[in-house]
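Provided below for reference: sequence and predicted model.
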Amino acid sequence: TNYNSFTGAIAFVLGYSKKVYFQNCNFENTFWSNVRVEGCENVFFINCNTKKARGNFGDGIYTTKSKNIYSINCTAEDFTRIGFVKEQDSHNFVQFNCHAKNGHDASILYGGGEYNSGFWNENASNSEISFCTATDIEHYGFITSTGTVVTNNGNNYWHTLSNCTAKNCDSGFVGQSFAGAPVTTKYQNCKAFNCTFPFNLSTNNVHDIFVLDGCTSDLNWNRQIGYTIKGLIIGGTARGKIKIRNTMFSRKNAVNADLTDKAKYIADVLHFGAVQQDVELYDCYTDDTSAIVIKQINLLGKIGLRIENTKVDLRKIASMNTNLVVNGGEIVSADIASTAKIDINNCAVSGQFTAAINDLIKFSGGSYLASAIADNIFIASNLSSKKQLVKFSDFEIRKNITDGDYAVRLQFEGLNKPITVFTNVLFENTSDTTATSKSFVWCVRSKDAGQTVVGNTNVLYQNVIKDSNVANIQKTNTSLVDDTTLSGVTSAVMH
């Protein structure tokens, strides 16, 4: 078969040597690795090419138990396992302008256990990979991993990939660790095109850090190999950090119905871990100005999110136990279940915003605009508490109340009802038609019997301005509350 079509010798084996130079060499047609390097130091491959490696271990250049290995302007093409391999206690290696092409017929497809990859760095530390490409690889473009056998004496592993490109791969860039040693991996200006998982990042040590800076994530929407999961994947077994900055998410050929479906494990950023990861998303964007869709669906895992200057759709955040912080940017939709604080600052919020909470949620210095008449800010809690749970300050809220109804819905089911505070808030009806029997705020439940707050609910207003063409600012249960009984509310003509 194409998997195991050759017999014969390995083209070149180099063992336990120092200061060896390969330049302008070609290695091809082998049943195993084209080149095997073991126990060596200071080995240079310059302008070398490998081709047609076959079998279970059909690699281009395989390196093990070696250090100070340099590959410059090299190509690995037409292989059945990996183009460039560094593993088993290999340290300090540089790959520059190297290209892996056409990885196919991996042994996993024939009853074996090996996958295709362009660049594979396992049990290998301190690597610099720059201006390299992995194209048409059946499984993985680039992998960096501490591996299951830690060989770095518990020290931190580090990898830097810069200006690298994965194209037409199942997973573009895979970064992971195992519990014995942390890893820090940085992707700078790296691009994944037409990949099912453009980036697949797993933190398995609490000190793991993965950084994407200036990268491109382009999802393959048409790949049909049984996957129900697609996107930039975040997961792992330990709480580590994922930092995504100035990264572009492509909408080319996007299936928007899959992105917006809360039940589908398809998103620009998808948290799929069994434990918590802390994720930062700064200054990121899509190529068509739409929102970056974020989902966290696995109830066994948790997620912490800090978002800055980014337009996001928090389509489904099923389990959050670390603070959600949003500074600047936009939120076009949200469905959040959180036991931690939510802090939204100077952010333009729109669409349906739903949050089930057990701790304080704050909206400050921003605005809300309902995209449709059914949209609203819906905050719910089963917490029995008299503490402040919701706060709007220096905030503007706009909706067509005449054709729709309330802009803010508060539903607290605990015995004691928490406090909601509106301070320096503007409520505006975007319709010119007067709404005489509707309100801006709906308190679904009354206050509990032991509390004495005006309006039969625990909502406080301070320096609040309300559009005068909506007769009442608040409804409690089914009854409108007379504005004159509420201190801190002023009606103003806005039409």
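Great, that's in hand.

can we go C-alpha only for contacts and neighbour counts from here?
Noted.

please enumerate the helices of the protein.
Assigned by DSSP state H, the chain shows helices spanning 256-260.

does residue 38 touch residue 67 like I think?
No - taking contacts as Cα atoms under 8 Å, residue 38 lies outside contact range of residue 67: 9.6 Å.

neighbour-wise, which of those two wins?
For residue 38 versus residue 67, the count of surrounding residues by other Cα atoms under 10 Å is larger for residue 67: 23 against 18.

so who does the more buried one touch?
By Cα atoms under 8 Å, 6 or more residues apart in numbering, the contact set of residue 67 is 39, 40, 41, 42, 90, 91, 92, 93.

can you pull the contacts of residue 305?
278, 279, 280, 281, 322, 323, 324, 325.

now the two most distant members of these.
281 and 322 (15.1 Å; Cα to Cα).

if you count surrounding residues, which of the two has more?
Neighbour comparison, residue 281 and residue 322: the larger count goes to residue 281, with 22 against 19 (by other Cα under 10 Å).

I'd guessed the more buried one sits against residue 244; true?
Yes - counting by Cα under 8 Å, residue 281 touches residue 244, with 4.9 Å between them.

which sections of the chain are below the confidence cut-off?
1, 148-155, 179, 223-227, 298-301, 447-457 (pLDDT under 70).

returning to what we had before: among the contacts of residue 67, which lie within strands?
Residues of those located in strands (DSSP state E): 41, 42, 90, 91, 92, 93.

adding neighbour count and distance to residue 340, write those out as JSON lines.
Below are those laid out as JSON lines (neighbours: other Cα atoms under 10 Å; distance: Cα to Cα, whole Å):
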{"residue": "41", "neighbour count": "22", "distance to residue 340": "51"}
{"residue": "42", "neighbour count": "16", "distance to residue 340": "51"}
{"residue": "90", "neighbour count": "28", "distance to residue 340": "42"}
{"residue": "91", "neighbour count": "24", "distance to residue 340": "41"}
{"residue": "92", "neighbour count": "18", "distance to residue 340": "42"}
{"residue": "93", "neighbour count": "23", "distance to residue 340": "43"}
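
turn those residues into CSV, including distance to residue 114.
Shown next, in CSV, are the ones in strands among the contacts of residue 67 (distance: Cα to Cα, whole Å):
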residue, distance to residue 114
41, 27
42, 28
90, 20
91, 23
92, 25
93, 23
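
show me which pair in those residues is furthest apart.
Pairwise over the ones in strands among the contacts of residue 67, using Cα to Cα, the maximum falls at 42 and 90, 11.7 Å.

residues touching the residue positioned nearest the centre of the chain, list them.
Residue closest to the mean C-alpha point of the chain, counted by Cα atoms, centre = their mean, is residue 269 at 3.3 Å. Residue 269 sits next to 231, 232, 233, 234, 292, 293, 294, 295 when contact means Cα under 8 Å, 6+ apart.

same deal with residue 163?
130, 131, 132, 188, 189, 190, 191.

separate out the buried members of the residues you listed.
130, 131, 132, 188, 189, 190, 191 (16 or more other Cα atoms under 10 Å).

on the strand side of things, show who the last one bridges to.
Beta-bridge pairing of residue 191 under DSSP bridges involves residue 165, residue 216.

how about the first one?
Listed by DSSP bridges, the beta-bridge partners for residue 130 are residue 96, residue 162.

could you check how far it is from residue 27?
Computed as Cα to Cα, to the nearest Å, the residue 130 to residue 27 distance reads 23 Å.

then the second one?
Separation of residue 131 from residue 27 (Cα to Cα): 22 Å.

swap in the fifth one?
With distances defined as Cα to Cα, the gap from residue 189 to residue 27 amounts to 31 Å.

same thing with the fourth one?
When Cα to Cα is applied, the distance between residue 188 and residue 27 equals 31 Å.

could you identify the most distant pair in the contacts of residue 269?
Those two in the contacts of residue 269 that are separated most widely, counting by Cα to Cα, are 234 and 292, at 14.9 Å.

thanks a lot, catch you later.
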